[in-house]
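Chemist: sequence and predicted model, in that order:
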Amino acid sequence: MTTLRPRSGGGSSFMRRLVSDRIKQTARHRPEERYHYRCPFRSSSSSSSSSSSSSSSYHDDDDDDDATTSTPVVGSTISPVRTTLALSVHFRHPSLGMKDYEILSRATAFLLGVDPPEPNDVDARAADADAGVRMDKDGTSPPSPSSFPHLRENMHLRNELLRRQDYRYDPASGPRRMPHQLNWLEFCPPAFRPRVHVVASSHVISPWLWPKYYGQDWLRVVGSEHVRYSLEVWGGGGDGGGGGVDNIDHDGRLRGDYRPLAKFALSPYPLHHPGGMDLAVIHLKDEDEALRLMTKLGISSLHLPSMHELEASADEPVFVPGERVVFQGFEVREANMADRENFIDDEDGASREDSGGDDMRSFHPYSSLGVLAAASPDRFLARTQAGPLPEGLCGGPAIKLPGATASVDDGMTVSAPLILQGVVEGIVPTNHESRELAGLASFLPSYRVREFVDYAERIMLERIIDKDLFAKVVDLKEKKVRRGTAFGTGRGSLVHELNYDEIDANDDVEDDKDDDELTDDPSLQASLEGTSEESDTPRIDREYREIIASLRENHTPEEVDAILATVEREREEVIQIMETEGGDMDDVIEIVRRKTYEKKDQILEEIAKEMMAQKQAEGDIESPKDSKLS
């Protein structure tokens, strides 16, 4: 069995033709639309492209070399052995006479975080650096007579514990946001959903879905039931990690020897882009253990702006000619004869030597600096410093270079989490009729990736939680409350608290008038816990006073006191359970209320027995025993 190869002698020929067709369509636009595109769902009122930007979109090759080499590379420590993984797809089909798994396709993949990055550590270190606080090499503040770094750590730990005690499972991480700003899977605890996506090219994950890309007839009988997926972490042979990560020139293939350090299995259930874009996500088997080992080996997940962040930045251009990105991944190349070893294990776990028909090409880490040159709504093009991207980079990340770093006294740099700029799709053919476009790297921009990730996460969430709960999540994402009114549209279109609508706003305006009509009983006012002059308390206080007034009208003072005492007891029990066991507030309240009802039934039963015994003693009624004797 030979290795699956694309049509036209290798390379991303089909994808290159798609890029070429898209470029031809783009060329018919006006110059300013040709080079300066905005996200299609964003506002088009602030299109600020100019002829100067369009005229500077393309340069001669010599000029580009100067542009990419004269300026120091900010992300010189961003290494492909830290940001990317080697993806292999193996298959076995009995009808094809296969007894062992053989390579079907391979390329680059990377981890994309489901949750946004935690802002605490990075922001705190950056703030310290801006304030002139010297950092140790691990990014922490060194001890000094005037600083107590452990206090901040203890405070952060305490706040985290206080936040988590209100939840049975870990809550959504990242900065505090409104419900509609959360990603779909953030509504589900991490214990029941993946923490990372493995992003790759669709034509690599499922080649049989791309018959126009591959010409092999036997591929028609291959399906998902015949394949298995795996990821490999590669690194240098010296330290067990990624060799050469301290000084990356981003000029192509990394120097030095690299080898696989660990292999991880993937689930056989990928999700593909519904519109035919060359994009797919798949997930790790035994994710917790896999991520623990990957973190130990230095693998970092990338992050993608949320849909809310993309929509909120409508005034900022998504494509800026001349902006720099880093393309990283693994080149698939011919291996040395000394390295011709098959790393695939048999079913019994024993390794076997390579068979003569198997593909013996090998992975090698690759990194190249790129400069944005042209764009269409669905893909960006960039000129790469190391020349056209080689085979194997499909599905690799285009990483946005950190634009803001905090310099510190000892020369160290505090960098932000790595943000995904796009996913590599292929290259423009090197023999393209346009010299400016020939060989440019093509990648799907971040907003197209976010659209697909949102699509995939919504499908996953719908499969994880029940139908009614999913409907509530949809309402939250669409900024709807239970009464069907939208939040985020009142008070000058400022986002306000959940379940706060225009009716509540009118209630706040009428608070003073309503308060004049209520009783001013001092004892009643003293019993109101939380009464204050803050803007968010008058409506709650007013409703509470109305309830108390209604109780006093229909019950004796003793009964009112007993009811209030029961409410206070239930409140204390709820607080105690939430602090010790956690859980959902509504569930805890229901448990406490059920105990109250059971206690009430027990008291009523005891009262009934006492009254029955008293009447029997007075002779008003006969006991069951006396009635039988008579």
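Modeler: All right, it came through fine.
Chemist: may I see the buried residues of the biggest helix by length in the chain?
Modeler: The longest helix of the chain (DSSP state H) is helix 585-618. Under the neighbour-count criterion of 16 or more other C-beta atoms under 10 Å, helix 585-618 has 588, 589, 592 buried. Heads up, the C-betas are built off the backbone N, CA and C, glycines and all.
Chemist: for residue 79, phi and psi?
Modeler: According to degrees, to the nearest 10, the main-chain angles of residue 79 amount to phi -110, psi 140.
Chemist: one more: the one 10 residues further on?
Modeler: Note on residue 89: its backbone torsions stand at phi -120, psi 120 [degrees, to the nearest 10].
Chemist: tell me the bridge partners for it.
Modeler: With DSSP bridges as the criterion, residue 89 is bridged to residue 105, residue 229.
Chemist: quick check: it touching residue 101?
Modeler: No. Counting by C-beta atoms under 8 Å, residue 89 does not reach residue 101; the two are 9.9 Å apart.
Chemist: so the residue nearest to residue 96 when sequence neighbours are not counted, which state does it fall into?
Modeler: Spatial nearest neighbour of residue 96, excluding adjacent residues (C-beta to C-beta, 6 or more residues apart in numbering): residue 218 at 6.1 Å. What DSSP: H, G, I helix; E, B strand; the rest coil gives for residue 218 is helix.
Chemist: how many neighbours does the closest residue to residue 308 other than its chain neighbours have?
Modeler: Leaving aside its sequence neighbours, residue 308 sits nearest to residue 181 (C-beta to C-beta, 6+ apart; 4.3 Å). Residue 181 has 22 neighbours, counted by other C-beta atoms under 10 Å.
Chemist: what distance do you get for residue 181 to residue 83?
Modeler: From residue 181 across to residue 83, the span is 26 Å (C-beta to C-beta, to the nearest Å).
Chemist: now residue 106
Modeler: For residue 106 relative to residue 83 (C-beta to C-beta), the value is 18 Å.
Chemist: what's the closest non-adjacent residue to residue 397?
Modeler: Per C-beta to C-beta, 6+ apart, closest to residue 397 is residue 110, 4.9 Å.
Chemist: just confirm the one you found contacts residue 300, I think it does.
Modeler: No. Checked against C-beta under 8 Å, the pair residue 110 and residue 300 is beyond contact range at 9.3 Å.
Chemist: spit out the residues that contact the two alike.
Modeler: Residues touching both residue 110 and residue 300 by C-beta atoms under 8 Å, 6 or more residues apart in numbering: residue 83.
Chemist: where's residue 112, which helix or strand?
Modeler: strand 102-113 (DSSP states H and E).
Chemist: so which elements touch that strand?
Modeler: Under the contact criterion of 3 or more C-beta pairs under 8 Å, 6 or more residues apart in numbering; DSSP states H and E, strand 102-113 touches strand 85-91, strand 196-200, helix 202-205, strand 324-334.
Chemist: what is the last one packed up against?
Modeler: In other words, strand 324-334. Packed next to strand 324-334, using 3+ C-beta pairs under 8 Å, 6+ apart, are helix 80-83, strand 102-113, strand 361-376, strand 379-384, strand 397-400, strand 419-427.
Chemist: to residue 227, which of the ones you listed lies closest?
Modeler: Closest of the helices and strands packed on strand 324-334 to residue 227 is strand 102-113, at 6.3 Å (criterion: C-beta to C-beta).
Chemist: can you list the buried residues in the closest one?
Modeler: Buried residues in strand 102-113 (16+ other C-beta under 10 Å): 102, 103, 104, 105, 106, 107, 108, 109, 110, 111, 112, 113.
Chemist: now swap in stretch 224-233 and tell me
Modeler: Here stretch 224-233 shows 226, 227, 228, 229, 230, 231, 232, 233 as buried, counting by 16+ other C-beta under 10 Å.
Chemist: what mean pLDDT does it have?
Modeler: Here stretch 224-233 scores 96 as its mean pLDDT.
Chemist: for residue 306, which non-adjacent residue is closest in space?
Modeler: Per C-beta to C-beta, 6+ apart, closest to residue 306 is residue 183, 5.8 Å.
Chemist: pretty sure the one you found sits against residue 114.
Modeler: Yes. Counting by C-beta under 8 Å, residue 183 does reach residue 114; the two are 6.7 Å apart.
Chemist: so for these two, which residues contact both of them?
Modeler: residue 457.
Chemist: residue 113 against residue 302, yeah?
Modeler: Yes. Using C-beta under 8 Å, residue 113 makes contact with residue 302 at a distance of 7.0 Å.
Chemist: who touches both of those two?
Modeler: By C-beta under 8 Å, 6+ apart, residue 113 and residue 302 have no common neighbours.
Chemist: can you show me the CA trace of stretch 590-603 as CSV?
Modeler: In CSV, the C-alpha atoms belonging to stretch 590-603 read as follows (Å, rounded to 0.1, in the frame of the first residue of the first chain):
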residue,chain,number,x,y,z
GLU,A,590,-35.2,23.0,47.3
ILE,A,591,-33.4,20.5,49.7
VAL,A,592,-33.7,22.9,52.7
ARG,A,593,-37.3,23.7,51.9
ARG,A,594,-38.2,20.0,51.7
LYS,A,595,-36.7,19.5,55.1
THR,A,596,-38.9,22.4,56.4
TYR,A,597,-42.0,20.7,54.9
GLU,A,598,-41.0,17.4,56.5
LYS,A,599,-40.5,19.1,59.8
LYS,A,600,-43.9,20.8,59.5
ASP,A,601,-45.7,17.6,58.7
GLN,A,602,-44.0,16.0,61.7
ILE,A,603,-45.1,18.8,64.0
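Chemist: what does the domain assignment say about this protein?
Modeler: Here the domain parsing of the chain from automatic domain parsing is 13-19+76-133+153-331+356-464, 573-630.
Chemist: can I get those domains in JSON lines including distance to residue 479?
Modeler: Listed next are the domains of the chain as JSON lines, based on distance: least, C-beta to C-beta, whole Å:
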{"stretch": "domain 13-19+76-133+153-331+356-464", "distance to residue 479": "5"}
{"stretch": "domain 573-630", "distance to residue 479": "22"}
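Chemist: deepest of those domains, which one?
Modeler: domain 13-19+76-133+153-331+356-464 (a mean of 19; mean count of other C-beta atoms under 10 Å).
Chemist: low-confidence stretches in the stretch 51-200 of the chain?
Modeler: 51-76, 119-150, 163-168, 171 (pLDDT under 70).
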